[in-house]
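Colleague: Predicted model and sequence below, questions to follow.
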Amino acid sequence: MAQEEGSLSQDGANASPPAETSPPVVTSPPAMATMREQVNDIIESILADTEPRSEAARIRLGALLEAHPEDPQRALLEHLLETRKEASPAATVPVHLESASVHLESVDAARTVSVPVSHEVREGIQAVLADKLLLTAFQPVHALPTGEVVGVEALTRFVGEDGAGADVWFSEAAAAGLGTELEIAALHCALTAAHDVPDTMSVALNLTPATSSDPRVRNLLAAAALAPDRIIVELTGSLADVGGQTGRDGLGPLRALGLRLAISASGAALVALERVEQLRPDIIKLDRHLIEGIERSEGQRIRAKAIVELAREIGSEVIAVGIETAEELKEVTALNITAAQGYLLGRPSVHPLDWSAWSIRAQTEAQPAG
């Protein structure tokens with residue numbers, strides 16, 4: 001679902017495709033207060049660090065706060081950007097390559113290959129982990145055919161000047177042997193941000209199968225302020241080695257918490273329908289690879305119908321992802337798909353005011369006229 005993933009540039013602009021023209025959103029005092037609280041929490045955690053190697057960074061952040069006493073957001077952003085620059089030396093500097101393994105998945109075969117990873121890339125990822133260069137955007141999920149916002153999907157944003165998307169960051173982290181660490185940092189960030197998501201909405205969190213089995217993930221989800229039935233763990237990438245529903249390994253510990261499981265049944269990481277039936281997820285997602293141009297492709301419609309039928313047999317819901325046109329929305333609605341998300345229905349946002357507005361708008365539209 002790279003469509004919804006991106007990073008933030010220096011001026012805070014989303015690096016995703018340009019948004020459609022829409023009335024500007026006026027940030028209210030409560031939203032500003034929430035943003036300031038998040039910034040202050042990040043600043044406090046950085047300044048509270050006692051590691052000798054980060055002393056220079058703490059001194060720099062302190063100096064920036066003194067220079068901008070009324071604008072901590074600016075001070076933090078300048079600090080984070082300076083951190084990124086330090087972690088990304090000029091190309092003229094000799095690059096030390098370290099070998100790491102990364103799992104590649106295609107529709108033909110899965111294989112593990114050795115990939116050279118630069119020391120500078122590894123340091124850049126470590127800077128993200130150390131200095132919290134992460135934000136969470138949420139994209140609304142709309143029930144069909146009513147249009148009510150019933151949930152959100154958490155999408156990671158990275159603060160930086162290079163505009164690299166989330167897919168790039170996570171791929172580089174995996175190649176550097178830091179994939180699980182970055183995923184867990186993103187999970188923690190998403191769970192923190194989810195405090196401001198209306199409690200009528202579910203929250204979908206993306207994890208690879210390998211990370212989902214890490215004990216720290218279970219501990220984070222168990223301690224989350226969200227009710228278990230609001231949490232959806234969406235498995236991304238290869239599902240070939242995912243464990244079963246119960247037991248001490250695989251999905252057992254997460255299932256025991258009472259949360260829901262979602263998987264993708266189409267796209268680059270193609271999942272055989274037999275594997276879907278074995279996993280029996282609560283939600284099956286049809287990604288952009290299957291949705292794009294579905295109104296013009298009989299083959300895509302046949303595949304989608306087969307997945308919807310299988311979902312009905314195993315008691316799963318189906319969500320169509322990446323809806324960008326009215327024709328695509330009409331087609332998936334006709335297929336009796338449970339819900340949908342995409343740029344046509346709502347773009348990702350990092351602003352709590354938007355998250356609340358989705359719920360308020362849905363309630364208002366649901367009220368009978370007169």
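Modeller: Great, that's in hand. Predicted model, so just to flag it, every value in this text is computed and none were measured.

Colleague: Sketch out the helices for this protein, chain order is fine.
Modeller: Here the chain has its helices, by DSSP state H, at 29-47, 55-67, 72-87, 119-131, 166-175, 179-193, 209-212, 215-223, 252-255, 273-279, 288-291, 298-314, 326-334, 352-366.

Colleague: Of those helices, give the one that comes closest to Thr146.
Modeller: Nearest of the helices of the chain to Thr146, taken as Cβ to Cβ: helix 352-366 at 7.3 Å. Quick note: C-beta positions are derived from backbone N, CA and C, even for glycine.

Colleague: And the nearest residue to His79 once chain neighbours are set aside, how far from Thr333?
Modeller: Sequence neighbours aside, Leu61 is the residue nearest to His79 in space, at 4.6 Å (criterion: Cβ to Cβ, 6 or more residues apart in numbering). The spacing between Leu61 and Thr333, counted by Cβ to Cβ, to the nearest Å, is 50 Å.

Colleague: again with Ile46
Modeller: Noted for Ile46: a distance of 47 Å to Thr333, by Cβ to Cβ.

Colleague: any low-confidence regions in the chain?
Modeller: By pLDDT under 70, the weakly predicted segments of the chain are 1-38, 41, 53, 80-132, 160-164, 241, 243-250, 266-273, 362-370.

Colleague: isn't Ile314 right next to Gln278, touching?
Modeller: No: using Cβ atoms under 8 Å, Ile314 is not in contact with Gln278; the gap is 9.8 Å.

Colleague: if you count what's nearby, which of Leu61 and Thr333 comes out ahead?
Modeller: Legend: neighbour count by other Cβ atoms under 10 Å for Leu61 and Thr333, higher for Leu61 (23 against 14).

Colleague: Return the residues in contact with that one.
Modeller: By Cβ atoms under 8 Å, 6 or more residues apart in numbering, the contact list for Leu61 reads 43, 46-47, 75-76, 79.

Colleague: what's the closest of the residues you listed to Glu309?
Modeller: Among these, and counting by Cβ to Cβ, the member closest to Glu309 is Leu76, at 50.3 Å.

Colleague: That closest one: how many residues sit nearby?
Modeller: Residues near Leu76, counting by other Cβ under 10 Å, number 23.

Colleague: in the sheet, who's paired with Glu317?
Modeller: Glu317 has these beta-bridge partners by DSSP bridges: Ile283.

Colleague: So it is in contact with Val308, correct?
Modeller: No: counting by Cβ under 8 Å, Glu317 stays clear of Val308, with 10.0 Å between them.

Colleague: Mutual contacts of these two, please.
Modeller: By Cβ under 8 Å, 6+ apart, no residue touches both Glu317 and Val308.
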